[in-house]
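Undergrad: no sequence on this one, just coordinates:
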Ligand SMILES: [Zn+2]
């Protein structure tokens, strides 16, 4: 899964409003944000195999440190500890929301991936393989993204149209990934994933922060 993960960010934002959306954007993609540099370092591995699924060409044959179930639990626990350390002990509940957001990545990946997600180390691999159904996989991405966003926008009064446009832009990127040409190389795939996650987190920070400035301006003026 790719942009659908952000639906969880929006839903999490509604249950923990003090956590910045950009933090939740990084959290839901944390396993991939760590995966990409590990691929670039040659520690985790994939091959580009056109046709391996209907939705993409990713043969993800070695990713025990980021996408095994055990690793996902450990990274989620790590996120809890780091968030609580940075935000303060009294914000334990927020840290829990961030940790759940991190773990949600594995659950949603489980729905779409081929059986390439190890339960531990590099063995006992699972994945329901929705990527084999291009339109179904795309529909799931859209349902999770816009479902989460709609849930969040119910509590938001400003900039709702801007959020919606951003959601549509995310879906456009997803359509290009699902229907466009395969990545030119394994390294290119890792770099473009990392670039996309950085850009999306930056955009959502601007959208959210800009709204706050606007409201502050309206209140003081
Ligand atoms: Zn992933």
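TA: Thanks, I have the structure now. Note that the structure is predicted; figures quoted are calculated from it, not measured.

Undergrad: ok, the nearest residue to residue 66 once chain neighbours are set aside - contacts?
TA: Among residues not flanking residue 66 along the chain, residue 35 sits closest, at 4.2 Å (Cβ to Cβ, 6 or more residues apart in numbering). For every residue, glycine as well, the C-beta is placed using N, CA and C. Going by Cβ atoms under 8 Å, 6 or more residues apart in numbering, residue 35 touches 44, 63, 66-67, 190, 193.

Undergrad: and the end-to-end length of stretch 144-163?
TA: 15 Å (Cα to Cα, to the nearest Å).

Undergrad: Identify the residues contacting that stretch?
TA: 1, 3-11, 13-14, 17, 108, 164, 167, 170-171, 207, 210-211, 214-215.

Undergrad: can you tell me the average pLDDT over that stretch?
TA: The average pLDDT within stretch 144-163 is 94.

Undergrad: Which of the residues in the strand or helix carrying the residue nearest to residue 66 are classified as buried?
TA: In this assignment (DSSP states H and E), residue 35 forms part of helix 30-40. Buried residues in helix 30-40, defined by neighbour count with 16 or more other Cβ atoms under 10 Å: 30-36, 38-39.

Undergrad: so after it, what's the next helix or strand?
TA: strand 45-48.

Undergrad: Tell me if the helix holding residue 35 is near the ion.
TA: Yes: among the residues of helix 30-40, residue 32 lie within reach of the ion under Cβ under 5 Å from the ion.

Undergrad: Tell me the secondary structure of the closest residue to residue 192 other than its chain neighbours, please.
TA: Leaving aside its sequence neighbours, residue 192 sits nearest to residue 183 (Cβ to Cβ, 6+ apart; 6.8 Å). Here residue 183 takes the coil state, with states given by DSSP: H, G, I helix; E, B strand; the rest coil.

Undergrad: Which pLDDT value does the model give residue 183?
TA: 94.

Undergrad: How about residue 202?
TA: 96.

Undergrad: Now for the residue nearest to it when sequence neighbours are not counted, how many residues are close by?
TA: With Cβ to Cβ, 6+ apart as the criterion, residue 202 has its nearest non-adjacent residue at 7.4 Å, and that residue is residue 22. Residues lying near residue 22 (other Cβ atoms under 10 Å) number 19.

Undergrad: same question, residue 64
TA: 16.

Undergrad: again with residue 10
TA: Neighbours around residue 10, by other Cβ under 10 Å: 26.

Undergrad: how close does it get to residue 38?
TA: Residue 10 is 28 Å from residue 38, where distance means Cβ to Cβ, to the nearest Å.

Undergrad: again, but for residue 74
TA: 14 Å.

Undergrad: For the strand or helix carrying residue 171, buried residues please.
TA: Here residue 171, judged by DSSP H and E, is contained in helix 160-179. Neighbour-count burial for helix 160-179, counted by 16+ other Cβ under 10 Å, picks out 163, 166-167, 170-171, 174, 177-178.

Undergrad: and what of stretch 106-116?
TA: 106, 108-114, 116.

Undergrad: out of those residues, who's near the ion?
TA: residue 109.
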